[in-house]
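S.K.: Fold the following.
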Amino acid sequence: MNFLFPMAAWLGFLALPIIAFYLLKTRQRRKPVSTLLFWNELKPKIESSPFWRRLRRWLSLALALLIFGLILAALARPAFEWEKRAPRHIVALLDNSASMRATQPAPSRWEQAKAALERTIAQLRVQDEMTILTTEDPPRILHGWTSSQRALREAVAGAPLLETGSDPRAALALARELRQLRPEASIVIFSDAVWPAGAEEALPEGDVLRGIDPGNPVNTGITLFALRRSPVAPGDWQLEAGITASAPFTGTLELLRDGVPMDRVPVEASPEKPWRKHWRGSNEGAARFTAHLRTADLLAADDQAEARLEGLRPLRVLLVGAADPFLEAVLDSVPLVQWSREETFPEPLAGNPDLVITRGETAPAAPPANAALLLLNPQGNGFWGETTGVLRDVAVAEVDASARLLRHTGFGAVAIGEAQAWRPAPGSTVLVSGMEGPLIFGRWDRSPRWLAFGFDPGTSDLMYRTAFPVLIGNLLQSLRPDETADATARLPGPVESALQPAAPAPEEEGGAAIPWWPVFPGWWWALLLAAGLLVLEWGTYHRRITD
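M.R.: Numbering: from 1, shown residues only. Reported below is the predicted structural model:
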C-alpha cells in the first residue's frame, strides 16, 4: 500500500498538543468545606503518585491518538494494490430473453444473472465506469456510462424480462461502438447463451461471457404457433403449431378458440422428430387462438402460445361510368365488398373508397392519392401512358407469372378482339403483353397505385372465363396487407438451444484479482474506522472507564 499524499505526515506534529492537554494538570479551585480531615489523609497518596500515574485517562489518550492517526492517514490518501490499477470501463450485456425464466438452476437464470451483475457493480471503484445494455433487438440502454453503484443497481432492478428469445448480435455491435469511447473498455455478458445459430461467433475475442451452466435440463415447448388468412379466399385461415422436445415426450396439446375448446390432440415428440400439425377454417371476424401444452419442465413460458386473427373489414369500391352488368356481377361475387356507382369521376372523392374502377373516357387526369385505381380501356393519353394505335385479334404472348395480382388467373389463354397499342408511363410494370405491346400494365407496388387494361374486357372472352373475377379478387385482397399478414405468436425461441451449457464465469478479470469486499477508496475506510473509534471513546468515557 502506498500513499498518494505523503506530505500529510508532517501534520503528525499536531499530536503533541493532544498529549500536552492530557498532561496538563488542571488548577484546583478553592472551595470552603466543613473539615479537612479527609483531605489531609488523601494528600500524601496523591503527592507520592509516580509520573505515569498522572496520565489518569491513558486509554482515552490512546484512542484519541489513534483517531488522529486515522484522520491523518485519510489525508495522506492511502492506495491499495487493487486501487492503484488503471480505471476499468465495463460494457455489461444483460440477457433478458425468455430462456432466462428457466428455473434450472434455482431460483431462475434471470435472478442468477442479475446477482452476478450486482456483484460486479459492487466491485467497482470510484474511478471505474460501467454501462448496461440488454440483448434484445434493438438493444435497450439501461444506463449510460457512470460510476454510481446506486444508479446501476436501480437500472438492473428495473430491467425488463422478455416473453421471446433474443439475438445478442445487435447488442454486441452497439457495445463495440460504446467501446470506441473508452478504448480500454471490456465487454462482459451475463447470459445462459441461449442464442440463435451463429450468434456465438459474434462474440468479440478476449471479452468475458459470465455464463450460467444449466446442467442437463429436460425441456419441451411450443416452438411454432403461426396463424394467417388465405391470400385468395378472404375468410379462410390456416393455423400451424410445432413442438420440439429435448428428450422423448408424450403429452397433450389443448387448442382453444376465443376461450372455447377447439381441439385436443396427443403429442409425441423427440429431438430427432419435432411434432407438427395444421388446422384450417373460415371466419370473417376476429378470433383469438391459444394453445396449452400439458407438461411440467424447467421453462413454463414455452408451454403456452397465443395468436390473434384480425377481423376483415368490408372494402368499398366505386364504379365510374355507365352501368356494366358484367362488372357489377363480378363485384357481387367477391365477399366483403360494398360498391356504388357514379356517372362521372367525383372531385374530390367522397366515402373513402378503397378501389375506384373507371371505364373509357371517365378516367381522371391524375390518380387519386387515397385510393387505388383500375382503368379499363382508358381513352387517349394520360398519366398511364401514350397510345400509338389500335390492335385487332390480339393474342396474349407473355404473362408475368411472379405477379401476385395474376395468381390463378390463367390469362395466357385469353383472346382479345380489339386493343390499343400503348407506350406505358415510365416506371410502370407490364403484367400481360401481346406480340405488339403491353396489354395490362401499371404501378401497384407503391402509392398512388393504379392498373390499366389496354382493352375493353367486353371485346375479349373474359366474360366466359374466371380470369377477370379472379384478378378483381386479387386486386381487392392486395388492399388488405394488414389483414392477410401472418399472426405469429411471440415464443421464447428454439428449445434445443436451451440445452447448451454456457461457459463458466472467470475468477479474474484483466489479470488481477477483484476483491470480494465493497470496493471503496482507502481514505474512506480510514475515516470509517476513525468514526467507529470516536463512538467507542465516547461510550467508554461516559461509562467512566477512561475518565
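
S.K.: how close does the most centrally placed residue in the chain sit to residue 241?
M.R.: Central residue of the chain (CA atoms, centre = their mean): residue 136, 3.6 Å from the mean position. Distance, residue 136 to residue 241, by CB to CB, to the nearest Å: 25 Å. Placement of C-beta: from N, CA and C, glycine included.

S.K.: Give me the pLDDT value at the residue nearest to the centre of the chain.
M.R.: On pLDDT, residue 136 comes in at 88.

S.K.: separation between residue 203 and residue 171?
M.R.: 11 Å.

S.K.: So residue 190: helix, strand or coil?
M.R.: Classification of residue 190 using DSSP: H, G, I helix; E, B strand; the rest coil returns strand.

S.K.: Could you check which of residue 203 and residue 171 is surrounded by more residues?
M.R.: Per other CB atoms under 10 Å, whichever of residue 203 and residue 171 has more neighbours is residue 171, with 26 against 18.

S.K.: Secondary structure element holding that one?
M.R.: helix 169-179 (DSSP states H and E).

S.K.: remind me which residues of the protein are low pLDDT?
M.R.: 1-5, 22-29, 42-58, 77-86, 204-207, 211-216, 231-232, 234, 481-524, 541-547 (pLDDT under 70).

S.K.: can you give me the helices for the stretch 51-200 of the chain?
M.R.: Remark: helices assigned in the stretch 51-200 of the chain by DSSP state H, counting those that start in this stretch are 58-75, 81-84, 109-122, 149-157, 169-179.

S.K.: domain ranges for the protein?
M.R.: When the chain is parsed with automatic domain parsing, its domains come out as 2-24+39-77+523-542, 84-215+501-520, 220-312+485-496, 315-478.

S.K.: In this structure the residue nearest to the centre of the chain contacts residue 162, no?
M.R.: Yes - with contact defined as CB atoms under 8 Å, residue 136 and residue 162 form a contacting pair (6.0 Å).

S.K.: Return every residue with contacts to both of the two.
M.R.: 96, 97 (CB atoms under 8 Å, 6 or more residues apart in numbering).

S.K.: All the strands of the stretch 1-150 of the chain, in order from the start?
M.R.: With DSSP state E, counting those that start in this stretch as the criterion, the stretch 1-150 of the chain has strands at 2-3, 78-79, 89-94, 129-134, 141-146.

S.K.: Let me have those strands in CSV, extended by mean neighbour count.
M.R.: Listed next are those as CSV, based on neighbours: other CB atoms under 10 Å:
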stretch, mean neighbour count
strand 2-3, 14
strand 78-79, 18
strand 89-94, 24
strand 129-134, 23
strand 141-146, 16
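
S.K.: Let me have the ones you listed in TSV, adding distance to residue 375 as columns.
M.R.: As requested, those are exported to TSV (distance: least, CB to CB, whole Å):
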stretch	distance to residue 375
strand 2-3	87
strand 78-79	83
strand 89-94	55
strand 129-134	51
strand 141-146	51
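
S.K.: so which of those gets nearest residue 265?
M.R.: Nearest to residue 265 among these is strand 129-134 (36.8 Å), distances taken as CB to CB.

S.K.: who touches the closest one?
M.R.: With CB under 8 Å, 6+ apart as the criterion, strand 129-134 contacts 87-96, 117, 120-121, 124, 139-147, 152, 155-156, 159-160, 166, 171, 174-175, 178, 182.

S.K.: What separation do you get for the nearest residue to residue 87 once chain neighbours are set aside and residue 155?
M.R.: Ranked by CB to CB, 6 or more residues apart in numbering and with sequence neighbours excluded, the top spatial neighbour of residue 87 is residue 127, at 4.1 Å. Note on residue 127: its distance to residue 155, by CB to CB, is 20 Å.

S.K.: Pick out whichever of these two has more residues nearby.
M.R.: residue 155 (22 against 13).

S.K.: I'd assumed residue 144 was in contact with that one.
M.R.: No - Residue 155 is beyond contact range of residue 144, at 9.5 Å (criterion: CB under 8 Å).

S.K.: picking up where we left off before, could I get the helix holding residue 171 in PDB with only the CA atoms?
M.R.: This file holds the C-alpha atoms of helix 169-179, laid out as PDB (Å, rounded to 0.1, in the frame of the first residue of the first chain):
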ATOM      1  CA  ARG A 169     -25.600  -9.600 -32.200                       C
ATOM      2  CA  ALA A 170     -27.200  -6.100 -32.300                       C
ATOM      3  CA  ALA A 171     -26.300  -5.500 -28.700                       C
ATOM      4  CA  LEU A 172     -22.700  -6.700 -29.300                       C
ATOM      5  CA  ALA A 173     -22.500  -4.200 -32.300                       C
ATOM      6  CA  LEU A 174     -23.700  -1.400 -30.100                       C
ATOM      7  CA  ALA A 175     -21.300  -2.500 -27.300                       C
ATOM      8  CA  ARG A 176     -18.400  -2.200 -29.800                       C
ATOM      9  CA  GLU A 177     -19.500   1.300 -30.700                       C
ATOM     10  CA  LEU A 178     -19.600   2.300 -27.000                       C
ATOM     11  CA  ARG A 179     -16.200   0.800 -26.500                       C
END
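
S.K.: Offset the numbering so it begins at 21, please.
M.R.: Understood, numbering begins at 21; the last thing we discussed is helix 189-199.

S.K.: Report all helices and strands that that helix contacts.
M.R.: strand 109-114, strand 149-154, strand 206-211 (3 or more CB pairs under 8 Å, 6 or more residues apart in numbering; DSSP states H and E).

S.K.: let's see 6 Å
M.R.: For helix 189-199, the elements it packs on are strand 109-114, judged by 3 or more CB pairs under 6 Å, 6 or more residues apart in numbering; DSSP states H and E.

S.K.: what's the spacing between the strand it packs on and its chain's center?
M.R.: Averaging C-alpha positions (CA atoms, centre = their mean, to the nearest Å) puts strand 109-114 17 Å from its chain's average.

S.K.: so what strands line up beside that strand?
M.R.: Strand 109-114 has the following strand partners under DSSP bridges: strand 149-154 (parallel), strand 206-211 (parallel).

S.K.: List the neighbours of that strand that are in contact with it.
M.R.: Strand 109-114 has contacts (CB atoms under 6 Å, 6 or more residues apart in numbering) with 137, 149-155, 179, 191, 195, 198-199, 202, 204-210.

S.K.: next one: stretch 189-209
M.R.: 109-113, 153, 155, 157-159, 219, 222, 224, 227-229.

S.K.: what about residue 159, how many neighbours?
M.R.: 22.

S.K.: State the distance from it to residue 218.
M.R.: 18 Å.

S.K.: Over to residue 362?
M.R.: Distance from residue 362 to residue 218, by CB to CB: 57 Å.

S.K.: Comparing those two, which residue is more hemmed in?
M.R.: Using other CB under 10 Å, the more surrounded residue of residue 362 and residue 218 is residue 362, with 15 against 9.
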